[in-house]
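Student: pasted the sequence and its predicted model underneath.
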Amino acid sequence: MIATYANLIIQGILLGGLYAIFALGLSLSVGVMRFVNIAHGDFIVLVSFLLLTVATALHINVLLALLLVIPLTFAGGYLLQRVLLQRVIGQSVLLPLLVTFGLSIIVQNGLLEGFGADTHTLSAGSLDTSSLHIGSFYVGVLPVATFVLAVALVLGFDWLLYRSRIGANIRAVADDVAAADLIGLSSVRIYAIAMGIVGVTVAIAACFMGLRMNFDATSGPSRLLVAFEVVVLGGLGSLRGTLLGGIILGIAQTLGGQIDGAWQVLAGHLVFLVIFLLRPQGLLPRY
Amino acid sequence: MRRHQHLSIAGGRIVLAGAALGLAVAPSFLDAGGLTVLTEFLCLLVLALMWNLLAGYADIVTVGQHAFVGVGAYAFYGAVVLLGVDPYLAFAAAALMAFAVALPAMVIVFRLRAAYLAVGTWVVAEVLMLIAGKLPNFGFGSGVSLPVRVAREFGARPDVRFATIYWLAFALAAATFASTWLLLRSRIGLGLTAMRDNEEAAGATGVNLVRARIICFLWTAPFLGLAGAIITLQKLRISPPASFSIIDWTVFVIFNVVIGGIGSLEGPILGTALFFILREYLAQLGTWHLIILGSLSIVIILIEPGGLWGLLRRVLGGDLIPVSHRARPGFETNRKS
């Protein structure tokens, strides 16, 4: 009995790694551009379909396809910000919210049109099913690899934002656009680069989501809600917090999933609401 | 203001009044099919007016409005079928239940600011929908049909029933419009209009922002609940995916208001009317319908955030539905051209 629950909690923690990857991009766009991208989940699903198409068309492993797709999503994020979002950010939160809301519906229905309503998964060959034997537990290699990657990404992004040159520029623009422009930073370009980086996280999230769980054209919103809850739980602007938030949500969902599919989602939401009401500033607030 | 603008505003008002009159006498000349479409139109108009009050004036951009429609639907079913309440009294139950749910929802949602609030309302709506799917007396996840005897209470013959449901929708839309107009004309509305234009300046001049936002949030809930009850009566069925449909009661509504014109009373009316006209042509396109509406709303935001009404208003030169108070002649600040 105890072993069963311990096993579930380990599964939940590993799932939390994936959720932290979902949340990284959202956390970055919220922290820098001060808006919540309603289409974040739909972009993840869109790239999952892109990976599926590339891997099938070129007969290559999905992980190799990911390497090909990452430059594309960087460019996609960069262009999206430069061409569309830049026109609406800054004045009020209403306009970027409505624009990304429109994008979300366009992406969902575009995917429905192009790929139908069937559910899909990605496959990375033998990695899908291989497992490790640790003590009395069996854990999948893929979930462990995802979790390790999540920790590496969180540390990497922490370094990128707080130790690197481009990170300093991004934070300067995030703090005060006018002052950043005044000292010669091009805020338009830096916003676009930040959104390009978000694009990279979206590609990674898309790949590991597709390897781990089913997705279909309309799974975007549920991914957005997970990413949002992780960001808020962790504390706004706190990258390490996203890892903790992801783990809490992962455990809640895994335990809820023991009852049925609806409880899996509901348990995650309820745990989020309770913690949020007790600690609105998040678990590891940065500021 | 120039003479032709006075004329075009008067003309616009005549069109608006004519449309209202047409709606008031619609049952005398429309068949059941036409009345069904118009009932849907009036319900969506109520949802558009309420979303616009929140997003356009009170700075509460909600993506969870469908939750209150669903709560109203479930409360109506619960009152009329499970408790055996008089069907007309059951509408009161729908309104009250939506209001009762809005109170705790507000505690959660108002802790989030701006962009976060939108997703926060969505989470709350998801929770309510998932809980609705767990209710044993309401058919769990697949929902349940309204018994025929309840439908018969609103008219034994189908044509009488469709007319009764239409009148209920018409009364709700009229009450929603009139009361929202009065709210916007009141002292609170003046503060809301100030908030819409510049939140910081409004706060600095003494507008109680928190109170105004709370009033708006609680204001919309009963109207949304009533719309949910009428929709249930028309569809004769409740179920979590349909009663809490984000596409039908939130996505379409947001597009309608954005395309018509956010932050005005004319905009939601124009947008909802346009939606029903477009739907005749676009509905058979399936997914393309939503792709077209989404693209249209993004293009409109880029061209004129005030929507089609914002463009039209420039031509007409003023509001058709006066929400603002005109300064007295002694305070005229318009420079002569």
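Tutor: Structure's in. What do you need?
Student: how about the residues of the stretch 51-200 of chain A that lie near chain B?
Tutor: A:84, A:87-88, A:93-99, A:101-103, A:105-106, A:108-110, A:112-113 (CB under 8 Å from any CB of the partner chain). All C-beta spots, glycine's among them, are computed from the backbone N, C-alpha and C.
Student: show me those residues that map onto helices.
Tutor: Filtering those for membership in helices, criterion DSSP state H, returns A:94-99, A:101-103, A:105-106, A:108-110, A:112-113.
Student: list only those of those flagged as buried.
Tutor: Those of those that meet the buried threshold are A:94-99, A:101-103, A:105-106, A:108-110, A:112, by 16 or more other CB atoms under 10 Å in any protein chain shown.
Student: please, where are all the strands along the stretch 101-250 of chain B?
Tutor: Secondary structure of the stretch 101-250 of chain B by DSSP state E, counting those that start in this stretch: the strands cover B:144-145, B:237-238.
Student: and of these, who's closest to B:Ala58?
Tutor: strand B:237-238 (29.3 Å; CB to CB).
Student: which residues of chain B score low on pLDDT?
Tutor: Filtered on pLDDT under 70, chain B yields the residue ranges B:1-2, B:326-337.
Student: from the centroid of it, which residue is nearest?
Tutor: In chain B, the residue lying closest to the centroid (CA atoms, centre = their mean) is B:Leu47, at 1.8 Å.
Student: what sits closest to it if chain neighbours are left out?
Tutor: B:Val253 (4.6 Å; CB to CB, 6 or more residues apart in numbering or on different chains).
Student: for A:Ile60, helix, strand, or coil?
Tutor: coil (DSSP: H, G, I helix; E, B strand; the rest coil).
Student: contact partners for it?
Tutor: A:Val54 (CB atoms under 8 Å, 6 or more residues apart in numbering or on different chains).
Student: I'd say B:Ala173 and B:Ala48 touch.
Tutor: No - with contact defined as CB atoms under 8 Å, B:Ala173 does not reach B:Ala48; the gap is 10.2 Å.
Student: buried deepest among the strands of the stretch 101-250 of chain B, which one?
Tutor: strand B:237-238 (a mean of 20; mean count of other CB atoms under 10 Å in any protein chain shown).
Student: what is that one packed up against?
Tutor: Other elements packing on strand B:237-238 under the criterion 3 or more CB pairs under 8 Å, 6 or more residues apart in numbering or on different chains; DSSP states H and E are helix B:66-77, strand B:144-145.
Student: what's in contact with the shortest one?
Tutor: If you take CB under 8 Å, 6+ apart as the criterion, strand B:144-145 is touched by B:Tyr77, B:Phe138, B:Leu236, B:Arg237, B:Ile238, B:Ser239.
Student: can you pull out the low-pLDDT segments for the stretch 101-250 of chain A?
Tutor: Within the stretch 101-250 of chain A, not a single segment meets pLDDT under 70.
Student: who are the contact partners of the nearest residue to B:Gly228 once chain neighbours are set aside?
Tutor: Closest residue to B:Gly228 apart from its sequence neighbours, by CB to CB, 6+ apart: B:Gly72 at 2.9 Å. Contact analysis of B:Gly72 by CB under 8 Å, 6+ apart lists B:Ala94, B:Ala95, B:Met97, B:Ala98, B:Leu224, B:Gly225, B:Leu226, B:Ala227, B:Gly228, B:Ala229, B:Thr232.
Student: which one of the residues you listed sits closest to B:Gly271?
Tutor: Comparing these against B:Gly271 with CB to CB places B:Ala227 closest, at 16.4 Å.
Student: list the contacts of that closest one.
Tutor: B:Cys43, B:Val46, B:Leu47, B:Val69, B:Gly72, B:Leu172.
Student: farthest-separated two in those?
Tutor: B:Val69 and B:Leu172 (12.3 Å).
Student: which one's more surrounded, the two?
Tutor: Taking other CB atoms under 10 Å in any protein chain shown, B:Val69 and B:Leu172 do not tie; B:Val69 has more neighbours (32 against 21).
Student: the helix ranked longest in chain A packs against which elements?
Tutor: Assignment by DSSP H gives helix A:2-33 as the longest helix of chain A. Where contact means 3+ CB pairs under 8 Å, 6+ apart, helix A:2-33 is packed against helix A:40-58, strand A:137-140, helix A:141-163, helix A:165-175, helix A:187-212, helix A:220-234, helix A:239-256.
Student: which of the ones you listed sits most buried?
Tutor: Mean neighbour counts for the helices and strands packed on helix A:2-33 (mean count of other CB under 10 Å) peak at helix A:220-234, with a mean of 26.
Student: what packs against it?
Tutor: helix A:2-33, helix A:40-58, helix A:94-115, helix A:239-256, helix A:261-278, helix B:114-132.
Student: okay, the angle between it and helix A:141-163?
Tutor: For helix A:220-234 against helix A:141-163, the angle by axes from the mean of the first three to the mean of the last three CA atoms, to 10 degrees is 60 degrees.
Student: what are the buried residues along stretch B:273-288?
Tutor: Neighbour counts using 16+ other CB under 10 Å place B:Ala273, B:Phe275, B:Leu278, B:Arg279, B:Leu282, B:Thr287 of stretch B:273-288 among the buried residues.
Student: the first one: what secondary structure?
Tutor: Right, the one you point to is B:Ala273. helix.
Student: for it, which residues are in contact?
Tutor: Here B:Ala273 is in contact with B:Ala19, B:Phe41 (criterion: CB under 8 Å, 6+ apart).
Student: okay, and B:Leu89 sits in which element?
Tutor: B:Leu89 is located in helix B:87-109, with elements delineated by DSSP states H and E.
Student: show me what that helix is packed against.
Tutor: helix A:261-278, helix B:66-77, helix B:114-132, helix B:209-235.
Student: and if we set it to 10 Å?
Tutor: helix A:261-278, helix B:66-77, helix B:114-132, helix B:148-152, helix B:158-185, helix B:209-235 (3 or more CB pairs under 10 Å, 6 or more residues apart in numbering or on different chains; DSSP states H and E).
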